[in-house]
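J.: quick one: sequence plus predicted model below, questions after.
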Amino acid sequence: KESNIYKMVDSIKNVPLYRNIYTVLNTVFNGYYDTKYVGFGPYFKTFSFNNLEGARFQMGARTTDDFSKKWRFMLYGAYGTKDQHFKGGGSVEYMFSNQPTKKLTLSFKHDALQLGKGIDAFTEGNILSSLLAKGNSQKMSPVNDFSLQYLHEWRTGFDNTFAIESRRIYSNKYVPMYAPDSTHVTSVAANQFHYTARFSWNETVTRGVFDKEYMFTQFPVITLDLISAVKGLSNNSYSYFMAEGKIEYDLQLPPIGVSNIQLSGGKILGKVPFPLLKLHEGNGTYFHDETAFTCMDFYEFASDTWVTLFYEHNFKGFFLGKIPLLKRLQWREIFTYKAAYGTLSERNNGSTYNEQGAKSKAVLLFPEKMSSLSKPYMEAGVGISNIFRMFRVDATWRLTHRYHTFNGVSKPVDNRFALTFGIDLTF
């Protein structure tokens with residue numbers, strides 16, 4: 001019986017209709033159109049646009065599982081019509097083991113990146129990040145990146161990542177870099193050792209040949225990041241140490257739903273320019289990002305000691321499910337609250353003048369409107385999910401920092417309220 005089942009599955013895979021449906025779905029979800037040995041894409045990065053590059057065109061390719069289940073090669077190139085610069089990058093991956101995962105990755109990139117974005121935000125070059133951008137919210141910087149990374153999964157739920165990283169960030173008119181004496185600084189660099197540990201228990205994980213996705217666990221997930229940077233390996237490089245910890249937990253509260261809690265905090269020891277500080281995560285699009293502050297702009301707040309709280313409660317229809325007409329829609333109400341608090345030591349405070357009126361002693365002056373978080377930042381929102389079984393809409397209000405003071409004049413910020421939408425496949 002088992003042999004016949006295998007034969008039936010193999011025969012179905014050879015049916016043209018099945019192969020066509022599989023190709024379409026695989027392209028939509030993975031972003032690459034695969035031939036036997038090479039996949040071309042991602043299709044959503046073929047064309048995009050932003051303030052720095054203007055219209056951006058990109059082509060890329062990577063090898064498929066049929067080429068090798070041990071090696072994967074990726075390469076892409078891009079061109080911006082406004083800055084008239086060619087960009088590109090690539091990576092080489094080698095899988096020592098798929099389960100448990102043991103993988104070595106070498107990657108490089110010369111491109112324009114948005115610093116201070118959430119980890120779930122659209123990647124640069126994604127057409128959706130262009131179409132859904134909030135006005136002139138994008139503040140991208142040219143960057144050279146190099147990384148040698150080794151991922152070792154000791155068991156399901158406990159893995160370590162060891163990396164050697166080098167990054168050079170260049171000044172531009174959207175994110176200028178000036179020393180306190182008004183000298184223009186062309187770039188800053190960081191050469192660092194990066195260690196990450198992730199702990200979970202009884203977590204559901206989906207695995208591909210080269211990639212894996214963390215799905216769900218009833219227990220807390222703990223992540224620890226340690227970075228040690230070395231000065232002197234290149235011009236304008238800096239020595240510092242950063243430690244950051246995060247805990248994520250889905251708290252089940254039947255019958256009123258489930259709460260998702262993310263608490264994180266960290267500290268930077270050393271004197272660094274503002275691109276290397278903790279740039280609190282802003283959201284520059286109208287797409288919902290659970291890992292960023294919805295009403296916060298990029299480069300608005302920076303810290304070298306910080307703590308953040310992201311809280312979201314899904315009532316699972318506890319209220320709407322009791323209304324006769326709305327009950328059929330099976331909509332689910334959501335409440336969100338996000339808060340951040342941080343401080344800056346005097347050596348890293350790039351404000352032109354400190355509270356005592358003395359000139360800044362930082363490496364670089366802050367961009368216009370950037371400040372510390374000595375006063376906590378807070379925002380709250382309500383939303384509805386499970387719209388047509390997959391969409392959600394959120395309305396978020398900024399509770400603090402609703403006014404900016406510049407040259408002694410106080411003006412309301414533009415991003416005091418935001419309406420965002422997203423995709424939520426949690427049932």
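T.: Arrived safely. Numbers count the residues shown, from 1 in each chain.
J.: how close does the nearest residue to residue 86 once chain neighbours are set aside sit to residue 235?
T.: Excluding the flanking residues, the one nearest residue 86 by Cβ to Cβ, 6 or more residues apart in numbering is residue 79, at 5.4 Å. For every residue, glycine as well, the C-beta is placed using N, CA and C. The gap separating residue 79 from residue 235 is 28 Å, by Cβ to Cβ, to the nearest Å.
J.: quick one, which of the two is more surrounded?
T.: residue 79 (17 against 10; other Cβ atoms under 10 Å).
J.: the more buried one: what's it in contact with?
T.: Neighbouring residues of residue 79 by Cβ atoms under 8 Å, 6 or more residues apart in numbering: 56-58, 85-87.
J.: try 10 Å
T.: Residue 79 makes contacts with 53-59, 85-88, as judged by Cβ atoms under 10 Å, 6 or more residues apart in numbering.
J.: where does the residue nearest to residue 86 fall, secondary structure wise?
T.: Per DSSP states H and E: residue 79 is located in strand 71-80.
J.: how many other residues sit next to residue 113?
T.: Residue 113 has 16 neighbouring residues, counting by other Cβ under 10 Å.
J.: cool, and residue 156?
T.: Residue 156: 17 surrounding residues under other Cβ under 10 Å.
J.: ok, now which ones touch the closest residue to residue 27 other than its chain neighbours?
T.: The spatial neighbour of residue 27 that comes closest, neighbours along the chain excluded (Cβ to Cβ, 6+ apart), is residue 33 at 4.9 Å. By Cβ under 10 Å, 6+ apart, the contact set of residue 33 is 23-24, 26-27, 39-43, 61.
J.: apply 8 Å and report the result again.
T.: 23, 27, 39-41, 43.
J.: so which of the residues you listed wins on neighbours?
T.: Going by other Cβ under 10 Å, residue 39 tops the contacts of residue 33 with 23 neighbours.
J.: and it, how close does it get to residue 204?
T.: 27 Å.
J.: swap in residue 212?
T.: For residue 212, the distance to residue 204 - Cβ to Cβ - is 11 Å.
J.: these two - which one has more neighbours?
T.: More crowded of residue 212 and residue 204, by other Cβ under 10 Å: residue 212, with 19 against 11.
J.: ok, the more buried one touching residue 205?
T.: Yes. With contact defined as Cβ atoms under 8 Å, residue 212 and residue 205 form a contacting pair (5.6 Å).
J.: go through the protein and flag its longest helix.
T.: helix 16-30 (DSSP state H).
J.: quickly find the element holding the closest residue to residue 403 other than its chain neighbours.
T.: Counting by Cβ to Cβ, 6+ apart, residue 403 lies nearest to residue 410, which is 4.9 Å off, once chain neighbours are set aside. Assigned by DSSP H and E, residue 410 belongs to strand 409-412.
J.: just residue 271 next, same as before
T.: Per DSSP H and E, there is no helix or strand for residue 271.
J.: just to revisit the earlier point, go through the contacts of residue 33 and name the one nearest residue 167.
T.: Using Cβ to Cβ, residue 41 is the member of the contacts of residue 33 that lies nearest residue 167, at 25.4 Å.
J.: tell me the pLDDT of the closest one.
T.: At residue 41, the pLDDT value in this model is 90.
J.: so who does it touch?
T.: Counting by Cβ under 8 Å, 6+ apart, residue 41 touches 27, 30-33, 60-62.
J.: ok, residue 116 next?
T.: 279-282, 298-299.
J.: just those: which are in strands?
T.: residue 279 (DSSP state E).
J.: now the contacts of residue 116 in TSV, please, with extra columns for pLDDT and neighbour count.
T.: Output for these, formatted as TSV (pLDDT from 0 to 100; neighbours: other Cβ atoms under 10 Å):
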residue	pLDDT	neighbour count
279	96	18
280	97	22
281	96	22
282	94	25
298	94	24
299	94	23
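J.: ok, so of the contacts of residue 116, who is nearest residue 363?
T.: For these, the nearest to residue 363 is residue 279 (14.8 Å; Cβ to Cβ).
J.: quick check, that closest one in contact with residue 115.
T.: Yes. Assessed by Cβ under 8 Å, residue 279 is found in contact with residue 115 at 5.8 Å.
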